[in-house]
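J.: One predicted model, sequence on top.
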Amino acid sequence: MPIVVLWLACGALFFTLMMRGYNIWGFRHAVEIVRGKYDNPDEDGEVTHFQALSSALSATVGLGNIAGVTIAMTAGGPGAFFWMLMCGFFGMTSKFVECTLGQKYRKVKEDGT
């Protein structure tokens, strides 16, 4: 196993434990946000939570992600599906921590960018 894979797996497990399993107990809240429970239609020019998620996913998910999953399922069978679920499960917490730290330590310039 390459050291990078081991390093990422340990990091994902560490963040999952430190966040006390947020990828499990925060899932319901995430679905509520995407479904629009917290949207305010009276706000002018506001981007809904679903629109923001769709925009972020369109920049993240590409042909390689779609084709890679298809090829892995074809070549690896049910075992590949299980390991993709495990990677996604622990990867959620890593991505959550990454985005949270990015927002916390961002630098805002005078012009607002």
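T.: Okay, I see it.

J.: residue contacts, T74?
T.: Counting by C-beta atoms under 8 Å, 6 or more residues apart in numbering, T74 makes contact with nothing. In short, each C-beta sits where N, CA and C put it, glycine included.

J.: Relative to R28, how far out is it?
T.: Separation of T74 from R28 (C-beta to C-beta, to the nearest Å) stands at 33 Å.

J.: and if you look at M19?
T.: Counting by C-beta to C-beta - M19 and R28 are separated by 16 Å.

J.: for this structure, what spans make up the helices?
T.: Using DSSP state H, the helices of the chain run over 3-18, 22-25, 27-35, 49-60, 63-76, 78-104.

J.: Check what contacts stretch 32-42 and list those residues.
T.: Here stretch 32-42 has contacts from E46, T48, H49, F50, L53, using C-beta under 8 Å, 6+ apart.

J.: Show me how far that stretch is from its chain's centre.
T.: How far stretch 32-42 lies from its chain's middle: 19 Å, per C-alpha atoms, centre = their mean, to the nearest Å.

J.: Below-threshold pLDDT in this protein: ranges please.
T.: 1 (pLDDT under 70).

J.: circling back to that earlier point, out of the contacts of stretch 32-42, which are buried?
T.: Neighbour-count burial (16 or more other C-beta atoms under 10 Å) is assigned, among these, to T48, H49.

J.: And T60, how close does it get to C99?
T.: T60 is 11 Å from C99, where distance means C-beta to C-beta.

J.: and what of L13?
T.: 19 Å.

J.: Then G112?
T.: Counting by C-beta to C-beta - G112 and C99 are separated by 20 Å.

J.: ok, the two, which is more surrounded?
T.: Between G112 and C99, C99 has the larger neighbour count (other C-beta atoms under 10 Å), namely 11 against 5.

J.: show me the contacts for that one.
T.: Here C99 is in contact with no residues (criterion: C-beta under 8 Å, 6+ apart).

J.: would you list the contacts of stretch 32-42 in a markdown table and tack on distance to L6?
T.: Formatted as a markdown table, the contacts of stretch 32-42 follow (distance: C-beta to C-beta, whole Å):
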| residue | distance to L6 |
| --- | --- |
| E46 | 43 |
| T48 | 39 |
| H49 | 35 |
| F50 | 36 |
| L53 | 31 |
